[in-house]
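Mind folding the following:
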Amino acid sequence: MKKAKIYVPTKTAMQSGKGKIKNWLLKFETRDNKFTSFMGWESGDDTMKEVILEFSSKDKAIDYAKKNNILYDVVEPKKNDFIIKSYTDNFLKD
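Below is the predicted model:
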């Protein structure tokens, strides 16, 4: 049976905004990885590791997984407290 992870991707170091992290992803987990010592590559015959599905909400991703008999783990995003500061706050003492 297929297994997948449902999550919201984190922003990259090159991203300052949160524009591309609104959608939920369903990514299939790999199985049967083989390591070739000659070339130092990791290989396998599982092509589902290449599939990443994008959904507008967590519920739609879960519904898709249930309809297609996919075992899934939901990874909830961490909430960051956004503190609005002005530049002058760096120089003021409390």
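
Any idea how many residues pack against Ile6?
Close neighbours of Ile6, defined as other C-beta atoms under 10 Å, add up to 22. Glycine gets a C-beta too; all of them are placed from N, C-alpha and C.

is it true that it lies in a helix?
No: applying DSSP: H, G, I helix; E, B strand; the rest coil, one finds Ile6 to be strand, outside a helix.

For beta bridges, what are the partners of it?
As for beta bridges, Ile6 partners with Leu26, Val74 under DSSP bridges.

give the contact list for it.
Neighbour list for Ile6: Trp24, Leu25, Leu26, Lys58, Ala61, Ile62, Ala65, Tyr72, Asp73, Val74, Val75 [criterion: C-beta atoms under 8 Å, 6 or more residues apart in numbering].

Only the buried members of those: can you turn that into a ChimeraX selection?
Here is the ChimeraX command that picks out the buried ones among the contacts of Ile6, judged by 16 or more other C-beta atoms under 10 Å:
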select :24,25,26,61,62,65,72
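
Please convert the contacts of Ile6 to CSV, extending it with pLDDT and distance to Leu92.
CSV is the format used below for the contacts of Ile6 (pLDDT from 0 to 100; distance: C-beta to C-beta, whole Å):
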residue, pLDDT, distance to Leu92
Trp24, 94, 41
Leu25, 93, 42
Leu26, 94, 47
Lys58, 94, 41
Ala61, 95, 45
Ile62, 95, 47
Ala65, 95, 51
Tyr72, 94, 49
Asp73, 95, 45
Val74, 95, 43
Val75, 94, 39
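
how about the helices in this protein?
For the chain, applying DSSP state H gives helices covering 58-67.

Work out which residue lies at the spatial centre of it.
Pro9 (3.6 Å; C-alpha atoms, centre = their mean).

The nearest residue in space to Ser56 that is not next to it in sequence: neighbouring residues, count only.
Closest residue in space to Ser56, ignoring its immediate chain neighbours: Asn23 at 6.0 Å, by C-beta to C-beta, 6 or more residues apart in numbering. Per other C-beta under 10 Å, the neighbour tally for Asn23 reads 14.
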